[in-house]
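1. Predicted model follows, preceded by the sequence.
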Amino acid sequence: MLFEGISGLYINWGKSFLYPINDVPHMNLLASILGGEVGSLPTLYLGMPLGANSKSIEIWDTVIEKCEKKLARWKTQYLSRGGRLTLINTVLDALPTYMMSLFPIPAGVIKRLDRIRRNFLWHGDKEKKGYHLVKWSSVICAKKWGGLGIKNLKIQSTALMMKWLWKFTKENHLLWGRVIKAKYEQEDSWMTKEVNTPYWVSLWRSIRSLWSELKTQSRIKVANGNKTRFWKDNWHEVGIMELVFLDIFNLVLHQQNTIAEMRTCDGWSLNFRRHFNDWEVQRVADFLNKLNQFPGVQAGEDHLWWQGNSKGIFKVNAAYKIMNQSNQQIANWPWKQIWRIKVPHKVSIFVWLLAKEATLTVDNLMSRGMTLYSRCFLCKETAETDNHLFLHCPFTAHLWRIILNLKGIAWTMPGKITEALSSWEGTCSHAKDRSSGGGRIFIKGVQKKKLIT
Ligand SMILES: [Zn+2]
């Protein structure tokens, strides 16, 4: 009634439930007075599980069911691999995001969702068996790094969890921040203490465990210097003072002081334990030189500055891209050109498979354990590999000659498909200019050959 009086909103008790937390006496009586019913936890609130164990796999069942329902509705037999990839990137990848924005995704759930997405990509139909042509860890890389841009759920989950840490550093005066602060206590001006107890704290514990990662991606912009510890925080462009000038750090008193405590109107106030030895003087001079670059404190609060973008504000997408780079080995090859050219998506994917040398040639089938005689399907002269079939086979080479002659291009075919593609890098940006449209000719050539095979 108080709520109705203040907000002007009417509570529909007929549709409402009362949930007791621990033992609440006379629950049924209360419910009958108000007109609602007594419910029990766990339940769903705004689509999120309430009162459930955040690490349990069951809370993810609805997400997995949703994915499977979507798949059942799509007419997979009519979709090309390009169409399926688009559906994965736009629909399937987005389904778990809402849940992941609060709950860390368990490894078992990632495995199940990966299996669903992987099977859908490679054979569409669930029952149909087929080959997975490229290993999944490559597929879930960004297109720029040689993958298909399918979301890496573990990294996506980490980025979404880090968002909470970021919010905590900015919003710890709000109610949720105050609750967390009271429960776990502050470690410094930015974060709570690390959570070590194993019981009932798993959610904040998993979020808090990402702090060191976020901290390395961020710097502190000093204003009044009250929140920033001189030696321990990353505020100077040289890095964390304690790490860069460890020898001097060991010489000073008051190692926990903030910048505000150490900065006076005359400059820095540093108290050393003893006098310097001769060999230490130069080092101290270097240190003071670096310190002189600091413009001084000013009005306003110190704040965290995320280094992942120019505005200094943490963004989940940008953080995902940064963390998704680290496991790349084949970064140098210009993968992006495959996706830049305006051709049907399924053609781009086929060229991607060629660049990975992963189409189902006899050689690749044999590497998957099939007993076959490796001879080219067209010329019957040599082993059937991607590079032979699509570049050097006499039949294919003849086709290339016709196309190149028609366009008046003198060209020596390199040994590998990747070399041919990368030597055409840049030409694809002129795809509309027919006289120099090498990239475009190549794609068309590939299409023709695909039909022959
Ligand atoms: Zn051949």
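-> Thanks, I have it.
2. After the longest helix along the chain, which helix or strand is next?
-> Longest helix in the chain, counting residues (DSSP state H): helix 153-171. Beyond helix 153-171 on the C-terminal side, the first helix or strand identified by DSSP states H and E is helix 175-184.
3. got the buried residues for that next one?
-> Buried residues in helix 175-184, counted by 16 or more other CB atoms under 10 Å: 177, 180, 184. Glycine gets a C-beta too; all of them are placed from N, C-alpha and C.
4. swap in stretch 379-389?
-> Here stretch 379-389 shows 379, 384-389 as buried, counting by 16+ other CB under 10 Å.
5. Can you tell me which of these is nearest the ion?
-> residue 379 (3.3 Å; CB to the ion).
6. Correct me if wrong: that closest one contacts residue 398.
-> No. Under the criterion of CB atoms under 8 Å, residue 379 makes no contact with residue 398, lying 10.4 Å away.
7. Give me the phi and psi for the residue nearest to residue 188 when sequence neighbours are not counted.
-> Setting aside the residues directly before and after it, residue 188 is nearest to residue 229 in space (CB to CB, 6 or more residues apart in numbering), at 6.5 Å. Main-chain torsions, residue 229, degrees, to the nearest 10: phi -80, psi 130.
8. need the contact list for the closest residue to residue 368 other than its chain neighbours.
-> Ranked by CB to CB, 6+ apart and with sequence neighbours excluded, the top spatial neighbour of residue 368 is residue 131, at 6.6 Å. Shown in contact with residue 131 (CB atoms under 8 Å, 6 or more residues apart in numbering): 122, 360, 368.
9. cool, residue 159 as well?
-> 316-317, 319-320, 323.
10. quick one: low-confidence ranges for the stretch 1-150 of the chain?
-> 125-128 (pLDDT under 70).
11. What segments of it are helices?
-> 2-7, 27-34, 61-73, 81-87, 97-100, 107-123, 136-139 (DSSP state H, counting those that start in this stretch).
12. rewinding a little: quick one: buried residues of the longest helix of the chain?
-> 153, 155-166, 168-169.
13. picking that back up, how about the helices of the stretch 1-150 of the chain in CSV, adding distance to the ion and mean neighbour count?
-> Putting those into CSV (distance: least, CB to the ion, whole Å; neighbours: other CB atoms under 10 Å) gives the following:
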stretch, distance to the ion, mean neighbour count
helix 2-7, 77, 8
helix 27-34, 79, 12
helix 61-73, 39, 14
helix 81-87, 25, 19
helix 97-100, 47, 18
helix 107-123, 26, 17
helix 136-139, 27, 16
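14. of all these, which lies closest to residue 264?
-> Closest approach to residue 264 among these (CB to CB): helix 97-100, 47.8 Å.
15. Can you tell me which helices and strands the closest one packs against?
-> Here helix 97-100 touches helix 153-171, going by 3 or more CB pairs under 8 Å, 6 or more residues apart in numbering; DSSP states H and E.
16. Cool, thanks, signing off.
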